[in-house]
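Student: predicted structure and sequence below. I'll ask about it afterward.
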Amino acid sequence: MKSGKPPRLVFLTLEAERRLARWISRRGRSRGISAPAAGVLFHVASAPGTTTGEVAAALHGSAAGTSGLLARMEQAGLIHREPDPEDRRTIRVNLAEAGEDALQDVRAAITDLNHLITNGFTEEELETVSRWLRHVSRSVG
């Protein structure tokens, strides 16, 4: 550290998270996809029939906030929510056809974003950043 002061890692991390979320939301605007909605699409695609509680846990969100997000996504035709046939209190979430299409757009956008934010860094530098971010997640989990 050249100045003798530690880097403002918490501020920089939070600022980066806000900017990444805005970038994803701008790219998904035409389909009504926000950064949290993109997270829903990825989770539901990897776990078809997931419960609303599992979606909330995957997003690290509240049940109420996730419920509102899922309602908006269902109104937009991106997902389907249905009661579990064995336990009608449990709601299962699956991608609708428009959600499958939107997921392809989101994957392309994330690929573009990954190229944008990794450009100019070596594999070793990126591994250090990845290791640090995993450490932060485990430390304050």
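Tutor: In hand now; what should we look at? All figures in this text were calculated on a predicted structure; none of them were measured in a lab.
Student: same question for stretch 22-38, mean pLDDT?
Tutor: For stretch 22-38, mean pLDDT rounds to 85.
Student: buried set for that stretch?
Tutor: 23-25, 27-28, 31-38 (16 or more other CB atoms under 10 Å). Heads up, the C-betas are built off the backbone N, CA and C, glycines and all.
Student: can you tell me which of the residues you listed end up in helices?
Tutor: Counting by DSSP state H, the buried residues of stretch 22-38 place 23-25, 27-28, 35-38 in helices.
Student: could you dump those to JSON lines with distance to P85?
Tutor: Formatted as JSON lines, those follow (distance: CB to CB, whole Å):
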{"residue": "W23", "distance to P85": "40"}
{"residue": "I24", "distance to P85": "34"}
{"residue": "S25", "distance to P85": "35"}
{"residue": "R27", "distance to P85": "37"}
{"residue": "G28", "distance to P85": "32"}
{"residue": "A35", "distance to P85": "32"}
{"residue": "P36", "distance to P85": "28"}
{"residue": "A37", "distance to P85": "27"}
{"residue": "A38", "distance to P85": "29"}
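Student: can you tell me which of those is nearest E82?
Tutor: When these are compared for distance to E82 (CB to CB), A37 comes out closest, at 19.0 Å.
Student: quick one: the closest one from E124, how far?
Tutor: From A37 over to E124 the distance is 34 Å, taken as CB to CB, to the nearest Å.
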